[in-house]
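Engineer: Sequence first, predicted model second:
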Amino acid sequence: MAAVLCQSRLLLLAVLCAVALQAQSTQDWSAMPARETPFWIRDAVVYEIFPRQFSAKGDFAGITARLDDLKALGVDVLWLMPIHPLGRLKAKGSIGSPYAIRDYYAVNPDYGTKEDFRRLVEAAHARGLRVMIDVVANHTAWDSVMLSKPAYYKQDGAGHVISPHPEWADVAGLNYANPDTRKYMREMMQYWVREFRLDGLRCDDAADVPTQFWEDVRQDLDKIRPGIFLLAEASKPELLVHAFDADYAWPMMGAVTRVLMAGAPASELRRTWYESEQQPFPRGALHLRCTDNHDEARAISRFGWNGALAASAVMFTLDGVPLLYNGMEVGDATESGDPALFEKVPIFWRPKGRDSFPETYRQLIALRHGHPALRDGEVVWLENSAPQNVVSFLRRDKGEEMVTTVNFSNRPQFAAIRVEHPGDFSVALRGGPTGGGQQPSLPDPLLGAYEWLIYWRPLMP
């Protein structure tokens, strides 16, 4: 993860990921297969919703009212950030973090009632959308109902409950050495999946919770809802062997940031993909690809309008599962990371000058849905004549090949690409500012500043 991402939680997660990978260096996870994922998730696009910010009222009804818009955008899975009541003791900001939970068995009254949530899930299912919620298993608020039993929590030598990390002063760390803690948390997750027919769980800070616990949870939930999707907020290879279906592609997010903000060469994406996402991980491991989420300054703020779309072109055509976050599709620049994570800062749905954003994301999603090579095909990185500024790769399955080429610089760039049968490819989708790409054909397209081109050719049987 790039050092330029200054939020303390992101920096801590980066350190934890690095420590986890180093600690596992003696175990060759790449020699093992990743667990078989639900059939539907590899075809999916996930949309993360911060309920507090998603609508003017910030409630479940505000999400339900926009389900047709989300369906029209083309997304498949709705991930709701934590829906439970927030703690007030030691809370950050005027409202508090959604990840400082007071009661796992209740819903935040600001969002509505359990029946309101049930209506949301049922309305989403009626439209063919799947729903997952955030589970925060590593810690609770300091005024959690669980604190009536201090043995549920980590304690210092004097018997005082402690935070899981000094930087996270608003939460108290759960103690997974206690079988009663494990039982409570397992039964809580079963409750939400069983009672509300959830399709998945996004598990916050999963690397800090014992892997065996998650493997036990997987067995529990598979009995209740076969084919459920478990997403780990982690970059820890062992989690993808038996417990989780996907984790976060933190390394690639960091690489994109280094390229667009710190002057790293575009070839950094290829190096990161191989060294950080392939070599350490089980075969076939699946990663969630994002440039924007609730922990970040918005991608459009970090990369600029055109850079943000260029980054998305990579994330939607590379292997893995792409993510959109809370208004990202309209070019919203309203902050939601620290400190805005702890306040009411609604999405601005009609930002000036960004009318092209929704259609661009609809086209990227439709392209992904329409081409199996972008969902399940192998990745082949292609050499090009401008590796400092241009990234190029091929996706291939038995019926087609797709080539993505993206100019990450602010000036036009020729990029001769080494690809077989270049004359057979046609442009499937083109994006970015105009003015540079008068010659879009392979093998040596001229790309304008931040322009991207996606090519397609059929393979003969």
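Structural biologist: Ah, there it is.
Engineer: Now for the residue lying closest to E383 once chain neighbours are set aside, how many residues are close by?
Structural biologist: Leaving aside its chain neighbours, E383 sits nearest to R418 (4.4 Å; criterion: C-beta to C-beta, 6 or more residues apart in numbering). For every residue, glycine as well, the C-beta is placed using N, CA and C. The tally of other residues near R418 (other C-beta atoms under 10 Å) stands at 11.
Engineer: Tell me the confidence at R418?
Structural biologist: pLDDT recorded at R418 is 96.
Engineer: Could I get the average pLDDT for stretch 123-139?
Structural biologist: Stretch 123-139 comes out with an average pLDDT of 98.
Engineer: Distance of the residue nearest to E238 when sequence neighbours are not counted relative to Y248?
Structural biologist: Nearest non-adjacent residue to E238, counting by C-beta to C-beta, 6+ apart: T211, 5.5 Å away. From T211 across to Y248, the span is 16 Å (C-beta to C-beta, to the nearest Å).
Engineer: cool, and V193?
Structural biologist: V193 sits at a distance of 21 Å from Y248 (criterion: C-beta to C-beta).
Engineer: count of neighbours near G159?
Structural biologist: A count of neighbours around G159, defined by other C-beta under 10 Å, yields 7.
Engineer: more crowded one of T211 and Y248?
Structural biologist: Y248 (26 against 18).
Engineer: Tell me the bridge partners for the more buried one.
Structural biologist: L288 (DSSP bridges).
Engineer: quick one, phi psi at the spatially most distant residue from the centre of the chain?
Structural biologist: Distance from the C-alpha centroid of the chain, by C-alpha atoms, centre = their mean, peaks at A158 (39.1 Å). A158 adopts backbone torsions of phi -90, psi 0, taken as degrees, to the nearest 10.
Engineer: Look at the nearest residue to D245 once chain neighbours are set aside and give its secondary structure.
Structural biologist: Spatial nearest neighbour of D245, excluding adjacent residues (C-beta to C-beta, 6+ apart): T37 at 4.2 Å. Recorded secondary structure, T37: coil (DSSP: H, G, I helix; E, B strand; the rest coil).
Engineer: One more: A313?
Structural biologist: helix.
Engineer: Touching, it and E451? I think so.
Structural biologist: No - A313 lies out of contact with E451 (C-beta atoms under 8 Å); the separation is 9.5 Å.
Engineer: okay, the two: which has more neighbours?
Structural biologist: Taking other C-beta under 10 Å, A313 and E451 do not tie; E451 has more neighbours (28 against 25).
Engineer: leaving aside the residues next to it on the chain, what's closest to the more buried one?
Structural biologist: Once flanking residues are discounted, E451 sits nearest to G432: 3.6 Å by C-beta to C-beta, 6+ apart.
Engineer: Okay, that neighbour and A169: tell me how far apart.
Structural biologist: G432 is 43 Å from A169, by C-beta to C-beta.
Engineer: and the next element down the chain from the helix-or-strand element of the chain with minimal mean pLDDT?
Structural biologist: When the helices and strands of the chain are scored by mean pLDDT, DSSP states H and E, helix 8-23 comes last with a mean of 48. Following helix 8-23 in sequence order, the next helix or strand is strand 46-49 (DSSP states H and E).
Engineer: SS state for D332?
Structural biologist: Taking three-state DSSP, the label given to D332 is coil.
Engineer: contacting residues for it?
Structural biologist: R298, I300, N326, I347, F348, W349, P351 (C-beta atoms under 8 Å, 6 or more residues apart in numbering).
Engineer: so what's it closest to, chain neighbours aside?
Structural biologist: Per C-beta to C-beta, 6+ apart, closest to D332 is I347, 5.0 Å.
Engineer: Tell me who's in contact with the one you found.
Structural biologist: Q53, F54, S55, N326, G327, V330, D332, T334.
Engineer: Recalculate using a threshold of 10 Å.
Structural biologist: 49-50, 53-56, 326-328, 330, 332-334, 336 (C-beta atoms under 10 Å, 6 or more residues apart in numbering).
Engineer: can I get those in a markdown table with pLDDT and distance to G62?
Structural biologist: Shown next, in a markdown table, are the contacts of I347 (pLDDT from 0 to 100; distance: C-beta to C-beta, whole Å):
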| residue | pLDDT | distance to G62 |
| --- | --- | --- |
| I49 | 98 | 10 |
| F50 | 98 | 11 |
| Q53 | 97 | 10 |
| F54 | 98 | 6 |
| S55 | 97 | 3 |
| A56 | 95 | 7 |
| N326 | 97 | 12 |
| G327 | 97 | 13 |
| M328 | 97 | 17 |
| V330 | 98 | 16 |
| D332 | 96 | 15 |
| A333 | 95 | 20 |
| T334 | 93 | 15 |
| S336 | 86 | 16 |
